[in-house]
Structure formats: C-alpha cells, structure tokens
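>>> when you get a sec, could you give me coordinates for this:
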Amino acid sequence: MSYYDLSRREFLRRSALLGLTAAAAPLALKLAAIGEAAAAQSPDDYKALVCVFLYGGNDNGNTLIPYDAANYSAYAQIRQNLALTRDSLAATVLTPIVPLPDSSRQMALAPQLAPLKTLFDSGNLAVLLNIGTLVQPTTLTQYKNANVPLPPKLFSHNDQQSFWQSSLPEGATSGWGGRIGDLLLSGNASSTFTCINISGNAVYMSGRNAVQYQVGTGGAVALRGISSPLYGSQACSNALQKLVTETRTNLLEDAHSGIMKRALSANTQVLTALKGVSLTTSYDQTNSLSLQLQMVARLIAARNSLGSKRQVFFVSLGGFDTHDNLATLHPPLLTALGSALSSFYASTVELGVADKVTTFTASDFGRTLSSNGGGSDHGWGSHHFVLGGAVKGGRFFGTLPVTAINGPDDVGQGRLLPSTSVDQLAATLATWSGVAVNDLSLVMPNIVNFSVRDLGLFG
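Residues are numbered from 1 along each chain as shown. Coordinates of the predicted model:
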C-alpha cells in the first residue's frame, strides 16, 4: 500500500468524522489528512531532528565490533583481513546501563569512534542494533521462501537510499522527514525554515507542503547577480531583481516570480539571523560533516529569529561504498563522524537545547560481514546511533545479531536481515517531535504492519 493510498484511507476515516461529502473529497484530502492533522499538532516548545546520512553504505562490521572472546574469534574468522585487532578495541568497549540479554556478549566501537563512547557513557547516545529497510516484520524463512513483500531492489544504492529516506521506491517525491515537517510546520512563523538541508538535496526532506530550504556551510546561498552587483553595477542587479520578481499576467511566470520573492526574502532573513550568532564550541574546519553540523547549530541558535518551533535538518557524509581499500578508507570516515557528532552535541549543550535536539545516523544499507578481499559488499541491516539529551542513552536498542555466516540473521554473505525497521525508528522520532499517534501512517506508510511503533528511545 502506497503513502498516497494510506493518506486517502486516513482521509476517509477523517471525512466520516467531519461529515465531508464525496464531492468535496479531492480538495479535502489534503486539508483533512495533512492540514487538520497539522493544526492539531502546533507546538509551543522547540524540537529538532537532525539526520546524518552516510552515503554509500556504512560498514557495520567495523563500526560496532564483538569484543567478548567467543564472538570476537568468530568475527575475526569471518572478516579475515578486514578484522580490527582485539587489543585496539579495549578502550572503546561499551558497558550498557541495561545489559544485553546474553550478558556474556560485549561490543566495542571502532577506535576512531572514541568520542561516541564518551557520549554513550554519559547517557546521551544510544546504539540501534541491526536496523534496516523492511515492509513488514520478516523472518529468515519468509525471506528465503519469498512469500513476504520486501523493499524494492535490495542492495541497490539508489533504491535503498530512497527507501530509507521515504519508505517508497526510487522516484519518490516525499520523504518521512518532509512528512513530519508537513504535520508540524503550522507551528512555525515561517514554513520556509521547517526543513533545512545543508548537503544539497534529498528526498528525505521533501513533504507535500514542506519544501526543503537549502543552505551551504557558510549560510544562505547567494543569488548570483542579485545578492551582489551584477557586472559591477548595482543598477543591473536592481533591474534583474525587478525582472524576476515583478507580477506577471501569465500564471506560470507569476508563480516563478512568487518563488523568487520568497527566496530573496528567506535569504535576507537567514543572513540577518545568523549575524547575531556566536558559538564557542570548536569544530574541525577540515571536516565537511563538522562544517555542516556547525551550520545546523548556528541555525538552531537563530531559531527565534527564524520563527521556528519545529525543524528537521539533513546533513551527509559520502565515501562509505568501501568495496576496496576498506582498511584505509573507513577509519578516516569514522574519525570524521565521531568528531562531528561530538562537537555538535557540545553545541546543543552550549545553546541549552541538548534535550530539544535529537540526531541520528542513517545509510543506504549495511555491508557484508564477509570480506571480498579488499573490502565488503552491499548488505542490508546495520547498526546506527541516536544522540541527544532526551535520548535514553548508554543503552542498546533492538536485537544483537549472531556473528555467523549462514546463521539465523544472515540472508547470504553475512548480509544481516534487519530485526528493527526504519519505519519503527521514524515513528519513534515523529512521536517525540509531536506527531500524534493516529497520524503516524501519514509519516511512514508501512508502520501499520508493525505492532511496535515506539522503540522506547525517549522517556
């Protein structure tokens, strides 16, 4: 069932309550299922979600590693030349507040993620175990018998990026970050600053009404020829601005003029709001992810000037498609991730909003536990992080998979069958943000297939 089918089904439920006639259905669908839900969820406080997308498929096998003797031995045998030494993991062994069901099992972060161990130990970071794209809860037997619906084109970058970000196949026009924005943007003075993307463009940030506003690591993106004198002439710039913003009789031309007016107004508003922002938290200026998260922190600091009560942000880091040279390429990526997340959390503490901002990692998919000789291949389930002052940190959430090839969690080559769905994570984050439980299907269409819709990350 598609997002649009679910939206229509939700509309029909609402229309019965509201007494809408069949003739009013097409127009009322959007207003009843989105607008009325949004009006009911206008917030008074501030909250923000920050998605950190790791493009390429992060290697989960060298991100969270078995440390107890028995499982480390299995890990080393499976990973062969990719395996990290056990001695290198001693300083990053995690001791959860709530022990794993099998208390003999121990897990450690990659050495480069030492800053995240500090956050885990302080109770501000949680680990999501074996999460991935699912249509419905799926067992290994069901997968092998091919008698349950599965995400389209498993192990394909584009398709799984789309399904992670939207719960819809490639070509989707909306993502669950944008759909959360749809339901909450009415509480913002300006809907423009509800969904802000600092890394370019992503379906995750697109809603039906919420449109992703893009900025760079330096702030609002200047409109060439208008933000600065065109050909050295202010008169030319003024003429160009008039040309692209004046009212037109042609509907399409006038719509374009309206978009340009809003873009120029937003540009000015962001530039003005950021002028008064000063952060003392240190960020690595050579790290692209750090620079993106530094801008997120600055925009959060300017939230009152921007009139924002609810926001969704998107940042990203690429390079995780490590079929080859994993031992060389992966550690620096994790160093960048650990440093950036640590600095960003420190900024939220500095701003006094640590419990109002929740950050989480995501990726196309995990990777195979087995080595292909120089790296690992496309997988499925993976381990991820959720960070924030409201998060029940220092804990593992989900089910720790068995470290085994052809084991109970392996669909082939050490590709993990996810035990937790992205839909469940999205529903949990949406609920924390203020989306009503009855409206979760408007955010994640497949959540109706899952009995557990709150992973217990907050509270």
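
>>> in the stretch 101-250 of the chain, where is pLDDT below threshold?
222-232, 237, 240-245 (pLDDT under 70).

>>> need phi/psi at the spatially most central residue of the chain.
By C-alpha atoms, centre = their mean, the chain has its centre lying nearest to residue 51, at 2.9 Å. Note on residue 51: its backbone torsions stand at phi -90, psi 130 [degrees, to the nearest 10].

>>> which residue is the nearest non-sequential neighbour of it?
Distances taken as C-beta to C-beta, 6 or more residues apart in numbering put residue 314 closest to residue 51, at 5.0 Å, once the chain neighbours are dropped. Backbone N, C-alpha and C define where each C-beta goes, glycine included.

>>> SS state for that neighbour?
Following DSSP: H, G, I helix; E, B strand; the rest coil, residue 314 is assigned to strand.

>>> ok, now the one 5 residues further on?
Using three-state DSSP, the three-state assignment for residue 319 comes out as coil.

>>> next one, pLDDT for residue 399 please.
You'll see residue 399 listed with a pLDDT of 98.

>>> can you get me a residue count around it?
15 (other C-beta atoms under 10 Å).

>>> next, the contact list for the residue nearest to the centre of the chain, please.
Each residue near residue 51 by C-beta atoms under 8 Å, 6 or more residues apart in numbering is listed here: 177, 204, 312-315, 360, 362.

>>> between the residues you listed, which sits nearest residue 120?
Nearest to residue 120 among the contacts of residue 51, counting by C-beta to C-beta, is residue 360 at 14.2 Å.

>>> still on that earlier bit, so which of the contacts of residue 51 is the most crowded?
residue 177 (31 neighbours).

>>> what helix or strand is that residue located in?
For residue 177, the host element (DSSP states H and E) is helix 176-184.

>>> I'd like the next helix or strand past that helix.
For helix 176-184, the succeeding helix or strand toward the C-terminus, using DSSP H and E, is strand 195-197.

>>> starting at the chain centroid, how far to that following strand?
11 Å (C-alpha atoms, centre = their mean, to the nearest Å).

>>> direction included, what does it pair up with?
Using DSSP bridges, the strands paired with strand 195-197 are strand 213-216 (parallel), strand 310-317 (parallel).

>>> so which bits of the first one are buried?
I take that to be strand 213-216. 213-215 (16 or more other C-beta atoms under 10 Å).

>>> was I right to think residue 187 contacts residue 309?
Yes. Residue 187 lies in contact with residue 309 (C-beta atoms under 8 Å); the separation is 4.4 Å.

>>> any idea which residue of the chain is furthest from its center?
residue 235 (43.4 Å).

>>> secondary structure element for that one?
Using DSSP H and E, residue 235 maps to helix 234-245.

>>> in CSV, could you pull the C-alpha coordinates for stretch 290-301?
Taking Å, rounded to 0.1, in the frame of the first residue of the first chain, the C-alpha atoms of stretch 290-301 are listed here in CSV:
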residue,chain,number,x,y,z
SER,A,290,31.6,19.1,11.0
LEU,A,291,31.1,22.2,8.9
GLN,A,292,27.5,21.1,8.0
LEU,A,293,26.7,20.4,11.7
GLN,A,294,28.2,23.7,12.7
MET,A,295,25.8,25.4,10.4
VAL,A,296,22.9,23.4,11.9
ALA,A,297,24.0,24.5,15.3
ARG,A,298,24.1,28.2,14.2
LEU,A,299,20.6,27.9,12.6
ILE,A,300,19.3,26.4,15.8
ALA,A,301,20.8,29.2,17.7
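
>>> so for it, what gets flagged as buried?
Buried residues in stretch 290-301, defined by neighbour count with 16+ other C-beta under 10 Å: 290-301.

>>> any chance of these in a markdown table, with distance to residue 270 and secondary structure too?
Below are the buried residues of stretch 290-301 laid out as a markdown table (distance: C-beta to C-beta, whole Å; DSSP: H, G, I helix; E, B strand; the rest coil):
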| residue | distance to residue 270 | secondary structure |
| --- | --- | --- |
| 290 | 20 | helix |
| 291 | 16 | helix |
| 292 | 15 | helix |
| 293 | 17 | helix |
| 294 | 15 | helix |
| 295 | 10 | helix |
| 296 | 13 | helix |
| 297 | 14 | helix |
| 298 | 10 | helix |
| 299 | 8 | helix |
| 300 | 13 | helix |
| 301 | 12 | helix |
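
>>> nearest to residue 458, out of those residues: which one, please.
Distances from residue 458 to the buried residues of stretch 290-301, taken as C-beta to C-beta, are shortest for residue 300 (18.8 Å).
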